[in-house]
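S.K.: Fold the following and give me the result.
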Amino acid sequence: MVPIMSLWLPILLSAVAVFIISSIIHMALGYHANDYKELPNEKDVLDDLRKYNIPEGDYHFPRPKDMKDMSSQEFLEKLRKGPVGLMTIKKRESSSMAKELSLWFIYSIIVGVFAAYVAGRALPEGAHYLSVFRFAGVPAFAGYSLALLQNSIWFNKGWSATFRSMFDGFVYALFTGGIFGWLWPTM
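M.R.: Now for the predicted structure:
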């Protein structure tokens, strides 16, 4: 068994690697460029939405008042007429992504901590590289990828976008497992 505190270097280095790799994926490779579609008549839609000064948050429309309302004729007519959708409203005073990037780095550290916990509980000091790679890489893949499936199951996010993001998570897990294997404590 290897204590988490003795794995601080692979935790931090894997978070840095994931941060850099994710930046390359999103800024240079461009295969996420079509994950979201542009609204038809975007200017008009945005002008209309601004009128309502909608507070920041997640919205579902039409939204039933309760379970009983879901079967009411009025609600069923709203569904039939459409549109039906999910919407997240964010306040964005600038184009800076400092908050999101900081949270992403912290998240990557958290995934590294879980990878360290699983690998550290399962393996001794001096464990073989491939064993460490597996025991650190699998929880990293789970942390970066598996929960993304919920977005397509429940929130109708396009499956292709979800699978592209899961592929990213697979790449992040490979690097996380590799770094843990490389820096695993020896006896």
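S.K.: can I assume F75 is in contact with R63?
M.R.: No. F75 lies out of contact with R63 (C-beta atoms under 8 Å); the separation is 9.0 Å. Quick note: C-beta positions are derived from backbone N, CA and C, even for glycine.
S.K.: Give me the domain ranges for the protein.
M.R.: Using automatic domain parsing, the domain parsing of the chain gives 4-36+97-183, 42-89.
S.K.: Pick out the shakiest of the ones you listed, pLDDT-wise.
M.R.: Of all the domains of the chain, mean pLDDT reaches its minimum on domain 42-89 (a mean of 89).
S.K.: mind checking the end-to-end distance for that one?
M.R.: Chord length of domain 42-89, first to last residue, is 15 Å (C-alpha to C-alpha, to the nearest Å).
S.K.: for stretch 148-161, same thing?
M.R.: Terminal residues of stretch 148-161 are spaced 10 Å apart (C-alpha to C-alpha).
S.K.: what sits up against that stretch?
M.R.: With C-beta atoms under 8 Å, 6 or more residues apart in numbering as the test, stretch 148-161 has contacts from 32, 34-36, 86, 162, 165-166, 169.
S.K.: for those residues, which one is nearest Y107?
M.R.: G169 (11.6 Å; C-beta to C-beta).
S.K.: Determine which two of the contacts of stretch 148-161 are furthest apart.
M.R.: The most widely separated members of those, counting by C-beta to C-beta, are L86 and G169 (22.2 Å).
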